[in-house]
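> With the sequence up front, the predicted model follows.
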Amino acid sequence: KGEAGAIVSFKSIGMPELEKPQSRAMQIRAMKQRTREGGLVKPEWHAPWKLMRVIQGHLGWVQSIAIDPANKFFVTGSSDRSIKVWDLASGKRLLTLTGHV
């Protein structure tokens, strides 16, 4: 059994050794030092989704998107002051509403 608050680690020979817990600040300092020394490797990030298609139609940045609860269409709002309604399955534009702020 280890001491309360101690972390048990195993050396290569399999014998447990007690380590005193570090403060959060000490952990961050140690991590930054290992990063400077090249000790940490940044993992490659993979998106948890797959791109199916790119929808084009707005002349400005898309600021918002909403999806119909029945998954039949979705709506986008853009900085070009338009709102567009799209078919979710095909990606075709169904309706454009202009002049919105």
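Done, it's in. Numbers count the residues shown, from 1 in each chain.
> Quick one: low-confidence residue ranges for this structure.
Applying pLDDT under 70 to the chain flags the ranges 1-22, 35-43, 101.
> need the helices for it, in chain order.
24-36 (DSSP state H).
> so where do the strands sit in it?
Ranges of strands within the chain are 7-10, 16-19, 62-67, 73-78, 82-87, 93-98, based on DSSP state E.
> Export those as TSV, with columns for distance to Ile55 and mean neighbour count.
C-beta coordinates here come from the backbone N, C-alpha and C atoms, glycine included. Putting these into TSV (distance: least, Cβ to Cβ, whole Å; neighbours: other Cβ atoms under 10 Å) gives the following:
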stretch	distance to Ile55	mean neighbour count
strand 7-10	50	10
strand 16-19	53	10
strand 62-67	9	12
strand 73-78	8	17
strand 82-87	6	17
strand 93-98	8	12
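> Quick one: closest of those to Trp45.
Proximity to Trp45 (Cβ to Cβ) singles out strand 62-67 among the strands of the chain, at 22.3 Å.
> Output the contacting helices and strands for the closest one.
Packing partners of strand 62-67 (3 or more Cβ pairs under 8 Å, 6 or more residues apart in numbering; DSSP states H and E): strand 73-78.
> between the strand it packs on and strand 62-67, how big is the angle?
For strand 73-78 against strand 62-67, the angle by axes from the mean of the first three to the mean of the last three Cα atoms, to 10 degrees is 160 degrees.
> tell me what strand 73-78 is packed against?
Counting by 3+ Cβ pairs under 8 Å, 6+ apart, strand 73-78 packs on strand 62-67, strand 82-87.
> Using CSV, lay out these together with distance to Val75.
Formatted as CSV, these follow (distance: least, Cβ to Cβ, whole Å):
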stretch, distance to Val75
strand 62-67, 5
strand 82-87, 5
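> out of those, which comes closest to Met52?
For these, proximity to Met52 was assessed by Cβ to Cβ; strand 82-87 is nearest, at 12.8 Å.
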